[in-house]
Structures are given as C-alpha cells and as structure tokens.
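Q: A predicted structure for the sequence below; I have some questions about it.
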Amino acid sequence: MKSSHSSAALTAAFDDPNLIADAGLVPLVRLAERVGLPSLAGERLRIAGAGNSGGANPAAKVMTLVAAMCAGADSIDDTGWLRHGAMSRLFGGVRAPSTLGTFLRAFAHGRNRQLPAVHRNFLARLAATTPLLPDVDQVAFVDVDPTHRRVYGRAKQGAEVGRFKGVRTLHPILATLSTPTARPVIAAVRLRRGKAADARCAGPFTAEALATARQAGAGGTVIVRADSQFYNADVVAVCRRARAHFSLTVRMNPHIAATISSIGEDPWTPIRYPEAFVDPDIGEPVSDAEVEYTAFTGRRKAEQATGRLIVRRVRRLNAEVMAGQGELFTAWRYHPVFTDSPFTTLQAELHHRQHATVEQVIADAKGSAPAHLPSGNFQANNAWLTLWAIAHNLLRAAGALAGTFHARATTATLRDHLIHVPARIARSARRLTLHLPNRWPWQHAFTDLFDAAHPPPA
C-alpha cells in the first residue's frame, strides 16, 4: 500500500456538513427507542431538588450518554463527538458534555437506586423483543465477580489503596446473565470503595441479580456461580429463597480437607473434555469425585446448608520423579466446589468452570466506559457505571440482531463493524438516505441490524 498523491496535490478541510463518522448509531438509537429506554428513563428518574436543573429532561440525557458509550466514550468530554457533522440532522436532543456532567453529579445514593430500575426493566424488554438470551427460560447462569478499576485523582471519592499495594482503585462488583448459547449480559452492577471486601453486600447484590434474571425471563433452572470469596451463608440463603441453585468455589480448610480425605479411590471419575490436562506418567486425564457436605456448621441450624462437594484433583508433578526417581506416595492438588446443581457431576463441574465467562464482560469494560470513572463524585461514577451496563446490553442486543458472528463478538468488534461506519447524508423528496462505504466488509450484518430496527410500518 502506498500513497497515490503527492503532498502538494492533497489537502484536508473539515467543511462538509453532510458527513457523520458513526452511522451505526442510527439503528442503535432507534432500537433503544423501540424497546422503550427514553420512556423508562422519563418515568423512573425523579431527580428533584438538584441544583443547576441537573434533573431536567432525564430521558434526553440518558439517551445521549448511552449512545456515546456505545460509540466508545470513556469520559464525559468524549460525549461531545455526538455533535459533529450531520449528527444534528439525524438526532435531536443531544446534550452538551457540561450538561451531562451536571446530570451525573445530581445523583445521590437514593437517586442511584432509580437508575438500576431503568436498567432492569430495559434488559427485560430487550430479552423479550430481541434474540439476546436464547433459551433463557430453560437454563440460565448468573455469575458474580468483583473487579478493580485504577484511578489517579486523590480527590476522587472512595478511591483507596486496597488489594493492590500502592495502587488507588475503586472496587465495582457485577453480575452477568447468560445461557449455554448466549454471550453474557450485565444483570447488575454496583460501585464500592477501593478497600471494600470482595464479599461486601454480596447477599443483597445476588438477590438483585436474581430478581433481574427472573424479570428477563429466566423461569427455569437458574444457577448462581461465584468464586470462593462469595462462599458464605448469606449468598446460599439468598439463592434458596429465590429458588435458584448455587455453585461456589471453596477454599481449602481443615473441614474441607478432612471431607476430601474421606473419599476413597473408587469414586474418582476421569474428566474428559477438550484440551483436558493429561497426567504424563499414567496417561489419564484429570479426575473428580463428589460427596455430600454440610456447610457453615459453625452457624445456627437454620443457616447451615447441605449440598454436594464436587472435588477436582490434579496430580502434582515432581521434576525428580519425571527424571526417573521414584516417589513415596502420590500428591494431588484439589479444587472443591460446593453446589446443589441438579445436573450430573461432570456437567456440574463443567458448568462451574464456565463461570470464567464473566471475565469476558470485565475485559470489555477495560476498553469501554469503565476504563475511566470520570468524576470526582462517587455517586456520579456509580451512575456512570450503571449507564455503561445499559449501553453494554444494548450493544449485545444489536449484535444478536446483526447475525450469528456478531452475537458472539466482543463489544469492541461490534463498534468497529457496526457503529464506526462513516456515511454521507443526502435528502431527496423529504427522505434522508445514508450513503455508506462501498464494499464495506460487514455490509450484510449492518443491513440486518438496520432492517430490524427500522421495520416497515404495520
């Protein structure tokens, strides 16, 4: 590839009022309107008494922030790119970055409980009107996991040095909802201060995520999956009250070790799955076994829980043994999981390992709006995080409408293929036409999304 013009024969000028850089926002905003996001924001958000009219016209401000996040905005100033070129001919009510900053700072703790209600109802409507969560009424998984977002401003509320030495962070917790055939969407998200324990507010947060899952159509088997920091009686009690199952990693402790040591050699079953670890000495794959187990025996009877302790064991490799020296006895590494899953042992163990799908959403967050929590106000950042969850789910619904490939693609890929499409606007006979690039590689996917968001009149 090389330049086809000399530098003297080529100039650049920002003077065309009919061009836009993100034509994919046209079907995306239309999809949000068809599902009812503006009406939800207008009905649910009541920010009375905020200074500088911060609570006025919440629907227009929510739509502006969500659209900007879908296009890749990770700061309040980035929302200004919705005001370039011919955007004003395609969209009305776009608010300035300063207005949006005032709106975010108007959120207090009580008002921040209104925005998750918008998020929950919007996800339920997306699931009902788009192929966002296929088969959610049969089997659904709710994955809970914390993450840390590094911040640099010392005046940022809640930013503290916690798990990472010398690094100031905020500590969000999120829950995703997925099915065996669908990429995860965000069921709940909440911001916490940097020093907050991983399991802080785990019980109420899990209850909120399960309520969202039920509202989104998860009427069948629901399994809550989490790592060992959420292995506590509150999470298990919430799952049982919500008629959901749990699958929790367990740390090794004397009680767990004694239970594992009581398992004989016969119950161990080889795990056969793609790319499974195979012992180089005996040529056998990793194996697992299960035993009945009662957890939280130190608490009162009503708070104890009886379930299945599924244990995966991996043989410890010794370099001296592999060099030819014998070993006195075989050593193993154990990975216990406490669950009441209705599936078989191998299925339950496979389902628990698939808890790692929540990391896909955390990875997407690093390249999306949560890459920077832009305000010094804690509740403004909390609102920013919830708006990102709405934008994430909207992008996932758009990908599901665009086709099989984009239903599984990352949000960065969705932006590159479907949102960041340049276009020129032409008007003829009172109709607007978007002239898109010839031979765009993802033309058919964009057309499928556009047609789904702009169906012909009934």
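A: Looks like it came in fine.
Q: those helices in the stretch 101-250 of the chain, which residues are they?
A: Using DSSP state H, counting those that start in this stretch, the helices found in the stretch 101-250 of the chain span residues 114-129, 202-215, 233-241.
Q: Now do the second one, average pLDDT.
A: Translated: helix 202-215. Taken as a whole, helix 202-215 has a mean pLDDT of 96.
Q: and for that helix, what are the contacting residues?
A: Applying Cβ atoms under 8 Å, 6 or more residues apart in numbering, the external contacts of helix 202-215 come out as 116, 120-121, 123-124, 140, 142, 144, 173, 175, 177, 187-188, 190, 222, 224, 229-230, 232, 234-235, 237-239, 241-242, 244. All C-beta atoms are positioned from the backbone trio N, CA, C, and that covers glycine.
Q: Just the buried residues of that helix, please?
A: 202, 203, 205, 206, 207, 208, 209, 210, 212, 213, 214, 215 (16 or more other Cβ atoms under 10 Å).
Q: same thing with the shortest one?
A: Using 16+ other Cβ under 10 Å as the test for burial, helix 233-241 gives 233, 234, 235, 236, 237, 238, 239.
Q: And the next helix or strand past the top helix by length along the chain?
A: Using DSSP state H to define each element, the chain has its longest helix at helix 378-402. With elements assigned by DSSP states H and E, the helix or strand that comes after helix 378-402 is helix 404-408.
Q: For that next one, give me every contacting residue.
A: Taking Cβ under 8 Å, 6+ apart as the rule, helix 404-408 contacts 131, 182, 183, 398, 399, 400, 413, 414, 417, 418, 442, 445.
Q: hmm, try it at 10 Å
A: Helix 404-408 is contacted by residues 131-132, 134, 181-183, 360, 395-401, 413-414, 417-418, 442, 445-446, 448-449 when judged by Cβ atoms under 10 Å, 6 or more residues apart in numbering.
Q: Excluding chain neighbours, give the residue nearest to residue 243 in space.
A: Nearest residue to residue 243 in three dimensions, chain neighbours excluded: residue 222, at 7.8 Å (Cβ to Cβ, 6 or more residues apart in numbering).
Q: buried set for the longest helix of the chain?
A: Buried residues in helix 378-402, counted by 16+ other Cβ under 10 Å: 378-402.
Q: any weak-confidence spans in this structure?
A: In the predicted model, the chain carries pLDDT under 70 at residues 49-52, 271-288, 315-331, 457-458.
Q: I'd say residue 71 and residue 91 touch.
A: No - at 11.8 Å, residue 71 does not count as touching residue 91 under the criterion of Cβ atoms under 10 Å.
Q: looking at this, residue 343 is in a strand?
A: No - according to DSSP: H, G, I helix; E, B strand; the rest coil, the state of residue 343 is coil, so it is not within a strand.
Q: So residue 268 versus residue 313, what's the distance?
A: From residue 268 across to residue 313, the span is 7 Å (Cβ to Cβ, to the nearest Å).
Q: biggest strand in the protein by residues?
A: Longest strand of the chain, by residue count under DSSP state E: strand 305-315.
Q: that older thread, for my notes, please list the buried residues of helix 233-241 in JSON lines and give distance to residue 250 for each entry.
A: Formatted as JSON lines, the buried residues of helix 233-241 follow (distance: Cβ to Cβ, whole Å):
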{"residue": "233", "distance to residue 250": "13"}
{"residue": "234", "distance to residue 250": "16"}
{"residue": "235", "distance to residue 250": "12"}
{"residue": "236", "distance to residue 250": "12"}
{"residue": "237", "distance to residue 250": "17"}
{"residue": "238", "distance to residue 250": "18"}
{"residue": "239", "distance to residue 250": "15"}
